[in-house]
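Visitor: how would this look folded up:
(chains A and B)
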Amino acid sequence: MNQNSLRLVWVYPDLLSTYGDQGNALVVERRARQRGLDVSRLDVRSDQQIPTSGDIYLIGGGEDRPQRLAAERLRRDGGLNRAVSNGAIVFSVCAGYQILGHEFINDLGQREPGLGLLDVVSTRGEGARCVGDVLADIDDRLGLPPLTGFENHQGVTHLGPAARPFARVRFGNGNGTGDGTEGAYNDTVFGTYMHGPVMARNPHIADLLLKLALDVNALPPVNDQWYEALRDERIAAATQAS
Amino acid sequence: MAGNSEPLSPRAKLAVTAGKAAAAVSRAAGRGSGSVIGGKVALRLDPDLLRRLAQHLDVILVSATNGKTTTTRLIAEALRAAGPVVSNALGANMPAGITSALAGGSDARYGVIEVDEKYLAGVARDTEPKAIALLNLSRDQLDRAAETRMLAEKWREGLAGTKAVVIANADDPLIVWAASSSTNVVWVAAGQEWKDDAWSCPSCGGVLQRPGDDWVCADCGFRRPIPTWALNGDYVLDPHGSAWPIHLQLPGRANKANAATSAAVAATFGVPPQVALERMYQVQAVAGRYDVVTFEERQLRLLLAKNPAGWLETFSLIDPPPTPVILSVNARGADGTDTSWLWDVDYTRLAGHPICVIGDRKLDLAVRLEVAGLDFRVCENLDEAVRIAPPGRIETIANYTAFQDLRRRVGN
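Guide: Model (predicted):
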């Protein structure tokens, strides 16, 4: 955190905000404020420059054409890559997750270069679209409770050696590779296929981002009554659906 | 114009009769109105039936993400000034339901037909409409529906070369894109509160600039067409610049917009705006929507809101605080099973209202409202929510199957 206030940047809501992605920004913002932190949230449209001095960047899901447009504009802008080299935390969902990798298949069926911030490559699955509730165990190193989310994607994402699986699915598809992995992360950059939005169902992930940005090991507790009730319900639903 | 083409073939007549019989069986078995099953049986006997039934009518199609059922009712009401109307007034808006509705109106001159967004191009091909009203397009049921811009693209391809007059909302860039392949378009400035599906130019992908009510793509020049009709507060402005007052029993800005579009459609068939708008006053509730019912000695207004754009328009029409509000959300097949869209809705607009949440997905709503910093209660069911609601008429807002559950519970 390089200023007195935590700077939260929501990347390209005009293109990548199809699945309630604003929710992730709202949850991070809310949980920071509940801890008495001063937060400023900046929503950056795709005709604006990405600031390089943010602490946490969120990038969401979108349809195929907006995904290509977002990748083109982010490559041209270069700001997100500079922010990451400055130590910023990035959390990405679905189409945004694919953009952070080396490449993905765009709406024209062509290989589209990504930002190379995550060591992953995405292709398009041949089988049925992955749609439904997911339950997964988050990588032990992150020390978080199980991941619950809703997936809706055709993409298949393969992890390279420099990316660790964010989670391993118990129910659902995740990365769609058949090896049970879901999402990917390295020290500061995270990607997942989970909607819900994912922070609404997993507020501990919002807290993880805050801890990384603040460089602290713990945060004061907040009342998670409704989050916990929702988690219990959705975890049961994912378990029963399979 | 209508009612003078060839009579139905014996095969088509048989299909109509068989369809009616199936509908009667379905009704007797307690499975709803039977309009869909009747249509399915009839279509199986004569796949060409929809085209044959439509041949005898001046057909008007209505499609949109939101407001199509209501607008269909408003147009039907207005056109009754010019002749008998047949319409799928109950909202059965796919080919089977449409066929069933048309089969019931052999004496009609006009067929006013609500069409599901996904079927518009096909139904337009089969029915050769005289007019098509296009109101708005926005995100809805993304776990199973086509992408919103792709839908606009399909409309654009499907309507290219249509002989129909297209009456389209100039304030919705996706609608303008869809309609602009048609040669005969009447643009209506009907407004658009929800803008988050139209920041990208539907033509080139550039970022749309939206100064005031205008919109333009700085990259390719695609821009808002000049409307000939407009909604202006409580008035409809016609192409001659005359302002006609809108008197509706239906609440809200969105329904005034629907009335403006309906007046433009009616004018296409020679019904003057004044006559059309006066007739629209008759429309009270549409398939239970906007109905005020008494339940447990309390007054409840039933409001349907199926997607972010619909919720936004609904928030703008409810009574101010401290009017109590009950919210109900399900995520069954017909609703879409991904509840992420709740986070696109600005619930802070409900600040000051006592709020109760119910429905299959009340916990998703609870987290949503908690993060919005609102006070709320989570209730098991409608009975409990009504029991604890403070005095006053209760605004009850629900998505699709949740709305059906509410109607069933209150006996509406």
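
Visitor: The helix of greatest length in chain A: how far from the chain's middle?
Guide: What stands out as the longest helix in chain A, according to DSSP state H, is helix A:225-241. Centroid displacement of helix A:225-241 relative to its chain, using C-alpha atoms, centre = their mean, to the nearest Å, is 20 Å.

Visitor: Give me the mean pLDDT for that helix.
Guide: For helix A:225-241, mean pLDDT rounds to 93.

Visitor: Could you export that helix as PDB, CA atoms only?
Guide: Extracted in PDB, the C-alpha atoms of helix A:225-241 (Å, rounded to 0.1, in the frame of the first residue of the first chain):
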ATOM      1  CA  GLN A 225     -23.500 -14.300   9.400                       C
ATOM      2  CA  TRP A 226     -25.100 -14.000   6.000                       C
ATOM      3  CA  TYR A 227     -22.000 -15.000   4.000                       C
ATOM      4  CA  GLU A 228     -21.800 -18.100   6.100                       C
ATOM      5  CA  ALA A 229     -25.400 -19.000   5.700                       C
ATOM      6  CA  LEU A 230     -25.100 -18.500   1.900                       C
ATOM      7  CA  ARG A 231     -22.000 -20.600   1.800                       C
ATOM      8  CA  ASP A 232     -23.600 -23.500   3.700                       C
ATOM      9  CA  GLU A 233     -26.600 -23.400   1.300                       C
ATOM     10  CA  ARG A 234     -24.500 -23.300  -1.900                       C
ATOM     11  CA  ILE A 235     -22.000 -25.900  -0.700                       C
ATOM     12  CA  ALA A 236     -25.000 -28.300   0.000                       C
ATOM     13  CA  ALA A 237     -26.400 -27.400  -3.400                       C
ATOM     14  CA  ALA A 238     -23.200 -28.200  -5.300                       C
ATOM     15  CA  THR A 239     -22.900 -31.500  -3.300                       C
ATOM     16  CA  GLN A 240     -26.500 -32.600  -4.100                       C
ATOM     17  CA  ALA A 241     -26.400 -31.600  -7.800                       C
END
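
Visitor: Would that helix count as contacting chain B?
Guide: Yes. Helix A:225-241 comes into contact with chain B (C-beta under 8 Å from any C-beta of the partner chain), by way of A:226-227, A:229-230, A:233. For every residue, glycine as well, the C-beta is placed using N, CA and C.

Visitor: Give me the buried entries from those residues.
Guide: Among the residues of helix A:225-241 next to chain B, the ones that count as buried by 16 or more other C-beta atoms under 10 Å in any protein chain shown are A:226-227, A:230, A:233.

Visitor: residue contacts, residue B:87?
Guide: Residues in contact with residue B:87 (C-beta atoms under 8 Å, 6 or more residues apart in numbering or on different chains) are B:72-73, B:76, B:101, B:105, B:111-114.

Visitor: Sort out which of those residues are in strands and list them.
Guide: B:111-114 (DSSP state E).

Visitor: and which of those is nearest chain A?
Guide: Of all the ones in strands among the contacts of residue B:87, chain A sits closest to residue B:114, with 25.9 Å by C-beta to the nearest C-beta.

Visitor: State the distance from the closest residue to residue B:281 other than its chain neighbours to residue B:286.
Guide: Of all residues not flanking residue B:281 in the chain, residue B:247 sits nearest, at 5.0 Å (C-beta to C-beta, 6 or more residues apart in numbering or on different chains). Separation of residue B:247 from residue B:286 (C-beta to C-beta, to the nearest Å): 17 Å.

Visitor: who has more neighbours, these two?
Guide: Comparing residue B:247 with residue B:286 by other C-beta atoms under 10 Å in any protein chain shown, the one with more neighbours is residue B:286, at 21 against 11.

Visitor: excluding its backbone neighbours, what's nearest residue 220?
Guide: As the question left the chain open, I've gone with chain A. Leaving out its chain neighbours, the residue that sits closest to residue A:220 by C-beta to C-beta, 6+ apart is residue A:35, at 5.5 Å.

Visitor: nope, chain B
Guide: residue B:204 (4.0 Å).

Visitor: Let me see the contact set for that neighbour.
Guide: By C-beta under 8 Å, 6+ apart, the residues touching residue B:204 are B:217, B:219-220, B:222.

Visitor: could you give the angle of the longest strand along chain A to helix A:225-241?
Guide: When chain A is scanned for its longest strand (criterion: DSSP E), the result is strand A:130-138. Angle between the axes of strand A:130-138 and helix A:225-241 is 120 degrees (criterion: axes from the mean of the first three to the mean of the last three C-alpha atoms, to 10 degrees).

Visitor: who in chain A is up against chain B?
Guide: Near chain B, when you scan chain A using C-beta under 8 Å from any C-beta, you find A:13-15, A:17-23, A:26-27, A:30, A:45-47, A:63-66, A:69, A:131-132, A:150, A:152, A:195-197, A:200-201, A:226-227, A:229-230, A:233.

Visitor: so which helix or strand takes in the residue positioned nearest the centre of chain A?
Guide: Centroid-nearest residue in chain A, with C-alpha atoms, centre = their mean: residue A:92, separated by 2.7 Å. Using DSSP states H and E, residue A:92 falls within strand A:89-93.

Visitor: Downstream of that strand, the next helix or strand is which one?
Guide: Using DSSP H and E, the helix or strand that follows strand A:89-93 in sequence is helix A:95-100.

Visitor: Give me the residues contacting that following helix.
Guide: Contacts with helix A:95-100, where a contact means C-beta under 8 Å, 6+ apart, come from A:11, A:16, A:18, A:59-64, A:66-67, A:70-71, A:74, A:90, A:92, A:104, A:114-115, A:117-118, A:120, A:122, A:155, A:157, A:183-184, A:189, A:191-193.

Visitor: ditto for stretch B:282-293
Guide: Residues outside stretch B:282-293 that contact it (C-beta under 8 Å, 6+ apart) are B:69-70, B:73-74, B:77, B:89-91, B:248-251, B:299-304, B:393, B:403, B:407, B:410-412.

Visitor: returning to that earlier point: how near is the residue nearest to residue A:220 to residue A:206?
Guide: 11 Å.

Visitor: for the chain, which spans come out with low pLDDT?
Guide: Using chain A here. A:1-4, A:242 (pLDDT under 70).

Visitor: I was after chain B.
Guide: Applying pLDDT under 70 to chain B picks out residues B:1-47, B:142-146.

Visitor: Residues of it that sit close to chain A?
Guide: Checking chain B against chain A by C-beta under 8 Å from any C-beta, the hits are B:139, B:142-144, B:147-150, B:196, B:199-200, B:205, B:207, B:337-344, B:363-364, B:366-368, B:370-373, B:378.
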